[in-house]
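Student: Starting from these lines, generate the structure:
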Amino acid sequence: MAKVSMREVADRAGVSVGTVSHVVNGSSKVAEATAAKVNAAIEELGFVRNAAARQLRSGHSNSLGLVVLDTSNPFFASVAHGARQACDEAGLALLIGDSGTDEQREGKYLDLFAEQRVNGLLVTPTGSDLSRLEAIASRGTPVMLVDRDSNGYALSSVTVDNIAGGRMALDHIIAGGCSRPAFIGGPQSLPQVADRLAGAAERADESGLELPVYSTPELTILAGRDAGEKVVGLPDDQRPDAVFCANDLLAVGFMQAVIMFSDLRIPEDIAILGYDDIDYAFSTIVPLTSVRQPAALLGRTAVETLLHENASASDDHHDRRFTPELVVRGSTRPI
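Tutor: Have a look, this model is predicted:
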C-alpha cells in the first residue's frame, strides 16, 4: 500500500499543506474546527508523519540513545527503567542498545543512534578509551556516562562509588568473624569490577588478610556457578569462609553451586555477599546480602542531567557520584 502524503490529507480536509503541517507538528496554532477536519482526514486516510524528514529539518529527533553492557542483567534493566521514566516525563523516546561488553558492537549502536539524530547518548562503555565518546560530544551530541567515571575525559557522568562499596563488603564480612575472604568476579578490564576489587583488597590488606581472586569471564549466573564448583571442591583449610561477588548474578550462581555440589551451610561454613541488590536478591534460597546501587535513580539522574546540560548550552561537565548501601540478609554471618 502506497504511503499517504500530506498533500492528500490537505485535499481531503480542504486546507493547505502548511495547515496540515502545523497540525501534525504542532508548530503553529490552528483553529480548533480546522484542526478537527485535518485530524479526521489523517484518521480516515491512515496518514503517518515522516519523522525522518522532520529530523533532517530540525537536526535532531525526540529521542535519547542508551547503550548498556547487558540488558538481561536486572541492574541494567532497572537503569533503563529509570531513564525511560525520565524520558516519558520529558516527552522523549528512549532507544536502547545492548553492547554485550563488545566494543565493536557498542560502536555500531553509537553509529546507529547518531544516524537517528538522537538528542543525546547515555552510555555504559565497555573499554577504557573514551576518546570516541568525547569526539561525539564535541560534535554536538551530548554524552552522559552511566555507571562509569569520566576519568579525565571531557564527559559528564553518573555513577556509584564502587571502591567504597568494595570496602563496605569486606568490612561486613570481617565483622561477621570471617578470616578467609575471597573475591569472585571479572573481567577485571571492566572498571566497575576493578574498583570493587580494589576497595575490598584495600580493606583486606589493612586487616592483615589475604584476598584470593577467582576470575570469571562474565558477570552471569553460570559464571558464578562455575566459580562456585571450583571453590567448594577445595580442601577445608584452603576453601574461603566468605566470598564477595562482583555482582548479584555471580552470587546467585555461586549459591547454587554451594547448594547443589556440597553440604556446606550458608552462612555458617561459607558466607556469600553480592553487589547491586537486584530485585530478586531477597528471594534466593538463602536471602542474599548485597551492596545496593540505586539503579533506577542512576538512569533517571543521567537523563535529567543530560537534558539540563543540553538546555543550558554549557561546556561544563558534571560528575555525580552516589554512595552505595549495604543490605544485610541471611547469606552472611550476623555481626
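Student: So which residues of the stretch 51-200 of the chain form strands?
Tutor: Secondary structure of the stretch 51-200 of the chain (DSSP state E, counting those that start in this stretch): strands at 63-68, 93-98, 121-123, 143-146, 156-160, 181-184.
Student: so what's the residue lying closest to residue 197 once chain neighbours are set aside bridging to?
Tutor: Among residues not flanking residue 197 along the chain, residue 183 sits closest, at 5.4 Å (Cβ to Cβ, 6 or more residues apart in numbering). All C-beta atoms are positioned from the backbone trio N, CA, C, and that covers glycine. Applying DSSP bridges to residue 183 gives these bridge partners: residue 213, residue 244.
Student: And residue 241, how close does it get to residue 129?
Tutor: As judged by Cβ to Cβ, to the nearest Å, residue 241 and residue 129 stand 39 Å apart.
Student: These two: who's more crowded?
Tutor: Between residue 241 and residue 129, counting by other Cβ atoms under 10 Å, residue 241 is the more crowded of the two (20 against 11).
Student: and the closest residue to residue 75 other than its chain neighbours, what pLDDT?
Tutor: Nearest residue to residue 75, sequence neighbours excluded (Cβ to Cβ, 6+ apart): residue 276, at 4.4 Å. Looking at residue 276, its pLDDT is 98.
Student: try the one 4 residues further on
Tutor: In the prediction, the pLDDT value recorded for residue 280 is 87.
Student: Look up phi and psi at it.
Tutor: Per-residue torsions, residue 280: phi -100, psi 20 (degrees, to the nearest 10).
Student: Pretty sure it sits against residue 74.
Tutor: Yes. Residue 280 lies in contact with residue 74 (Cβ atoms under 8 Å); the separation is 7.3 Å.
Student: The two: who's more crowded?
Tutor: More neighbours surround residue 74 than the other of residue 280 and residue 74, with 20 against 11 (other Cβ under 10 Å).
Student: so who does the residue positioned nearest the centre of the chain touch?
Tutor: The chain has residue 76 as the residue nearest its centroid, 3.7 Å off, counting by Cα atoms, centre = their mean. Contacts for residue 76 (Cβ atoms under 8 Å, 6 or more residues apart in numbering) come out as 68-70, 124, 295.
Student: and what of residue 19?
Tutor: Residue 19 makes contact with 10, 13, 30, 34, 38, according to Cβ under 8 Å, 6+ apart.
Student: can you redo these as TSV with pLDDT and distance to residue 307?
Tutor: Listed next are these as TSV, based on pLDDT from 0 to 100; distance: Cβ to Cβ, whole Å:
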residue	pLDDT	distance to residue 307
10	89	35
13	91	35
30	86	28
34	91	33
38	90	31
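Student: who wins for neighbours among those?
Tutor: Among the contacts of residue 19, the one with the most neighbours (other Cβ under 10 Å) is residue 38, at 24 neighbours.
Student: tell me the contacts of that one?
Tutor: Neighbour list for residue 38: 9, 13, 15, 19-20, 23-24, 30 [criterion: Cβ under 8 Å, 6+ apart].
Student: ok, those vs residue 226, which is closest?
Tutor: The shortest gap between residue 226 and any of these belongs to residue 24, at 55.3 Å (Cβ to Cβ).
Student: Count the residues that sit near that closest one.
Tutor: Residue 24 has 18 neighbours, counted by other Cβ under 10 Å.
Student: Check residue 205 too.
Tutor: By other Cβ under 10 Å, the residues close to residue 205 number 12.
Student: Just read off the phi/psi values of it.
Tutor: Main-chain torsions, residue 205, degrees, to the nearest 10: phi -60, psi -40.
Student: State the pLDDT value of it.
Tutor: On the pLDDT scale, residue 205 is placed at 98.
Student: same question, residue 62
Tutor: Residue 62 is assigned 87 on the pLDDT scale.
Student: Most distant residue from the centre of this structure?
Tutor: Distance to the chain centre peaks in the chain at residue 14, reaching 49.4 Å (criterion: Cα atoms, centre = their mean).
Student: Correct me if wrong: that one contacts residue 40.
Tutor: No. Taking Cβ under 8 Å as the definition, residue 14 is not a contact partner of residue 40, at 11.0 Å.
Student: quick revisit: flag whichever of the contacts of residue 38 scores worst on pLDDT.
Tutor: By pLDDT, residue 24 ranks lowest within the contacts of residue 38, coming in at 81.
Student: That residue contacts residue 10, doesn't it?
Tutor: No. With contact defined as Cβ under 8 Å, residue 24 does not reach residue 10; the gap is 10.7 Å.
Student: can you give me the helices in this structure?
Tutor: 6-13, 17-25, 32-45, 51-58, 74-90, 103-115, 131-138, 162-175, 191-206, 221-232, 248-261, 295-312 (DSSP state H).
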